[in-house]
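> The following comprises the amino acid sequence and a computationally predicted model.
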Amino acid sequence: MPLTFLWMDGRGPGRRQEERPARWSAPENDKALAPLPNRSRNTLTLPPGAVLMPAFPFPPDFIFGCAAASYQIEGAHDADGKGPSIWDAFCRRPGAILNGDSGDTACDHYHRWEQDLDMIAALGLDAYRFSVAWPRILPEGTGRVNEAGLDFYERLVDGMLARGIKPVLTLYHWDLPLALEEKHGGWRSRVTAEAFAEYARLVAERLGDRVPYWTTFNEMPVFAELGYRAGIHAPGLKLDEKGVRTVIHNILLAHGLGVQALRAALPAQSKIGVVHNPWACVPFVENDACIKAARQRWEYRNSWYLDPMFKGSYPGGQIEELGAAMPEIRDGDMRAIHQPLDFLGLNIYSSQAVVEEDGTERAYEKDFPSTDMGWHITPDVLYWALRFAHDLYAPPELLITENGCAFDGQVNAEGRVEDYARLEYMRGYLRGVQRAVSEGLPAKGYFAWSILDNFEWSFGYARRFGIVHVNFETQQRTLKESAKWYSHVAKNRGM
Ligand code: GCO
C-alpha cells in the first residue's frame, strides 16, 4: 500500500529498500553538506517498501561514538601493579564525595571490557572515546613502567579494532599519579609537564600503530579550577589566583610537550588534538550583530586556554587584567604550547548565557528546564559552539567529544529504562550538530557521554549519565531507550 509522507523539499525522495547499502549513505555526498533548502512542504507518495532519507542526514563518514573515562568506569584501583592516583586519595578524604563513594570498583570495566565493547558494537557505534590511566602505566608517575598496564590498554584497543570500533584515546582524564602530586606538587610543577610528555611517548610507542585519534587533555579548566582553586575535585587544593594560573600554564606546557612527543612517535596519519569544555552561549536572535556579540563573549571566556594552543600567546587584554597574578613564562614555553593540531574536541552540556547585541550576557532563569545536574537544556548550543570555534580557531576538524545529560532512571518491571527525557535531549542537541554539518562546518563526530552510568566525580554514583543503565550492586548493564534510539541514528546515519 503506498504511503503518503510529508517531506522537506529538496531532500529528494526515499531510496528503495533493496538499493539500501548496509549503512545508509547520502546519494550525493555534497547534498548533506549543502545549506538547508527553504522548507516548503510537499507531499510525496512512496512506492511500497520505500524508505525515506532521514530528515536530518549526516555524512557517511560522520562518527557516532560514545565516551567514558578510566577512573569513572574501570575500578580495579590497585590491580596488576597500578599505582594510586590523586582521585584514589581524594575519595578517601571524609566528606569529599557524596555518600562516601569512590572509583574503587566503579563499573568494573577493567574486568568487563569485552562485554562492554560487545555492547558498543551491537549498538552500531563507530567509535569509543576512552582514557588511559597514567598510574597503570607509570605507578610512580615517572620511571618504572608497569607492562601489565600497557597490556590492558593494548587488549582494549585490539578488542575495539576486532569489533570495528574506532579507538579515540585520551591521555589525561584527571587521574594523575599520586606520587607526582606528593613529590612535586602535581600541576603546580613543571616536572609534571615533563613527566606527561614521557608518559605520552610510552603510550604512543605501544599503541601508535592502532589508534587513529589522540587527545592530550580532557577539560583543562575543570581539573585546574575545581581541583586547584575550588578544592572540590582532586587534589582538593585552594590556591590563589597566581597559583591557579601557574597550574594552567603547566598544563598547557604539558599539552605542547605531549603533542611533540606524540608527533615524534606516531605514524604520520595519526590525528592529534585536545578536548576543551568551552564556556558556551547562544545569541539572543540570529542576526549579524547578535552573532558577533556572542562570538566575542565566547572568545573572551575561552581564549585563556585556546589562544596559547592555537595562536601561541595568552590574550593580551586579560594579561593586563591579571597583573601580578600572571604566571612565570619561560623562554620557549609559548612556542612549545603552540603546536599544530588536527582536531579540537568540544565537551558541551549547556549554554551559560543568552547574549544580546551589546554583549550583555543574560543568565537563564532558575526554573528553566534542566537535568539532574541543574544544567539547562539548550539544544542550539552545539551549533553555536561549533560555529564559533571554527570562526575563531579553524581547527581542521571539530568533534563533539562529550554531550549528554544526567537523569535518574531505573529498570522497570518490564526490564526497560524509559529515559525519554535523555532521548529528546540528545535528539535536540544532535540537530544542532546536523545544522553545523549541513552548513559545511568541519564537524566530524559526536560522542555520547556516557556509554555507562558511572562515577560522576564529587557526586559519586548519584548522577546517572549513561545511555546504558548500570546496577552497581550486580554490575548488570541494561540498554536504556536512549541507547536504542541512538543506535538507530548511528545505523541510519541520521534522524
Ligand atoms: C567532564 C568529564 C566527564 C564528566 C561529564 C559529566 O567532562 O566533566 O569529561 O568526566 O563525567 O562531563 O559531568
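Thanks, I have it. None of these values were measured; they are calculated from a predicted model. Numbers count the residues shown, from 1 in each chain.
> Was I right to think residue 273 contacts residue 342?
Yes - the pair residue 273 / residue 342 is scored as a contact, 5.6 Å apart, by C-beta atoms under 8 Å. In this view, the C-beta of every residue, glycine as well, is placed from N, C-alpha and C.
> Quick one: residues contacting residue 373.
349, 405, 406, 459, 463 (C-beta atoms under 8 Å, 6 or more residues apart in numbering).
> what's around residue 429, how many residues?
26 (other C-beta atoms under 10 Å).
> So which elements touch the strand or helix carrying it?
Per DSSP states H and E, residue 429 falls inside helix 420-438. Contacts defined by 3 or more C-beta pairs under 8 Å, 6 or more residues apart in numbering; DSSP states H and E place helix 420-438 against helix 29-33, helix 381-393, strand 397-403, strand 443-449, helix 481-492.
> hmm, try it at 6 Å
helix 381-393, strand 443-449, helix 481-492 (3 or more C-beta pairs under 6 Å, 6 or more residues apart in numbering; DSSP states H and E).
> list the buried ones in the first one?
By 16 or more other C-beta atoms under 10 Å, the buried positions in helix 381-393 come out as 381, 382, 383, 384, 385, 386, 387, 388, 389, 390, 392, 393.
> near the ligand, which residues of the stretch 151-300 of the chain?
The interface of the stretch 151-300 of the chain toward the ligand, taken as C-beta under 6 Å from any ligand atom, is made up of 218, 219, 222, 277.
> could I get those residues as TSV with pLDDT?
Below are those laid out as TSV (pLDDT from 0 to 100):
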residue	pLDDT
218	98
219	98
222	98
277	98
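> Quick one: buried ones out of those?
Looking at these with 16+ other C-beta under 10 Å, the buried ones turn out to be 218, 219, 277.
> mind putting those in a markdown table, distance to residue 66 included?
As requested, those are exported to a markdown table (distance: C-beta to C-beta, whole Å):
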| residue | distance to residue 66 |
| --- | --- |
| 218 | 15 |
| 219 | 17 |
| 277 | 17 |
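> Okay, and which of these map to helices?
With DSSP state H as the criterion, helices contain none of those.
> Nearest residue to residue 191 in space, please, no chain neighbours.
Spatially, and ignoring its direct neighbours in sequence, residue 191 is nearest to residue 184 (4.3 Å; C-beta to C-beta, 6 or more residues apart in numbering).
> Run a quick neighbour tally on the one you found.
Close neighbours of residue 184, defined as other C-beta under 10 Å, add up to 17.
> now residue 369
The burial count for residue 369: 10, using other C-beta under 10 Å.
> for residue 421, same thing?
17.
> My understanding was that it contacts residue 408; is that so?
No - counting by C-beta atoms under 6 Å, residue 421 does not reach residue 408; the two are 9.9 Å apart.
> quick one: residue 177 and residue 135 touch, right?
Yes - contact criterion C-beta under 6 Å: residue 177 and residue 135 qualify, at 4.2 Å.
> which residues are in contact with both of those two?
Counting by C-beta atoms under 6 Å, 6 or more residues apart in numbering, the common neighbours of residue 177 and residue 135 are residue 83.
> low-scoring stretches of the stretch 1-150 of the chain, by residue?
Scanning the stretch 1-150 of the chain for pLDDT under 70 picks out 1-46, 49-52.
> what does it have sitting close to the ligand?
Residues of the stretch 1-150 of the chain lying near the ligand (C-beta under 6 Å from any ligand atom): 69, 72.
> same thing but at 8 Å, please
With C-beta under 8 Å from any ligand atom as the criterion, the stretch 1-150 of the chain meets the ligand at residues 67, 69, 72.
> Got phi/psi on the second one?
Residue 69 adopts backbone torsions of phi -140, psi 150, taken as degrees, to the nearest 10.
> Hmm, it is touching residue 130, no?
No - under the criterion of C-beta under 6 Å, residue 69 makes no contact with residue 130, lying 7.3 Å away.
> Look up how far residue 445 lies from residue 91.
32 Å (C-beta to C-beta, to the nearest Å).
> Residue 173 too?
18 Å.
> before we move on, what about residue 415?
Taking C-beta to C-beta, one finds residue 415 at 31 Å from residue 445.
> okay, the two: which has more neighbours?
residue 445 (24 against 8).
> how near is the more buried one to the ligand?
Residue 445 sits 16 Å away from the ligand, going by C-beta to the nearest ligand atom, to the nearest Å.
> if you skip the residues just before and after it, what's nearest to the residue of the stretch 101-250 of the chain found nearest the ligand?
Nearest residue of the stretch 101-250 of the chain to the ligand, counting by C-beta to the nearest ligand atom: residue 219, 4.7 Å away. Using C-beta to C-beta, 6+ apart and skipping residues adjacent in sequence, the residue nearest residue 219 is residue 277, 4.4 Å away.
> circling back to that earlier point, nearest to residue 431, of the helices and strands packed on helix 420-438?
helix 381-393 (8.2 Å; C-beta to C-beta).
> on contacts alone, who are the packing partners of that closest one?
By 3+ C-beta pairs under 6 Å, 6+ apart, helix 381-393 packs against helix 288-311, helix 420-438.
> From the chain's centroid, how far away is it?
15 Å (C-alpha atoms, centre = their mean, to the nearest Å).
> pLDDT on that helix, on average?
Helix 381-393 shows a mean pLDDT of 98.
> tell me the angle that helix makes with strand 443-449.
If you take axes from the mean of the first three to the mean of the last three C-alpha atoms, to 10 degrees, helix 381-393 sits at 130 degrees to strand 443-449.
> does the ligand sit close to helix 381-393?
No - using C-beta under 8 Å from any ligand atom, helix 381-393 never reaches the ligand; the gap is at least 14.2 Å.
> Taking their axis directions, that helix and helix 420-438 sit at what angle?
Orientation of helix 381-393 against helix 420-438 (the same axes, to 10 degrees) gives an angle of 30 degrees.
> ok, and what's touching stretch 453-473?
Counting by C-beta under 6 Å, 6+ apart, 72-73, 97-99, 101, 103, 106-107, 232, 372, 404, 406, 408, 411, 417, 448-452, 477-480, 482-483 sit against stretch 453-473.
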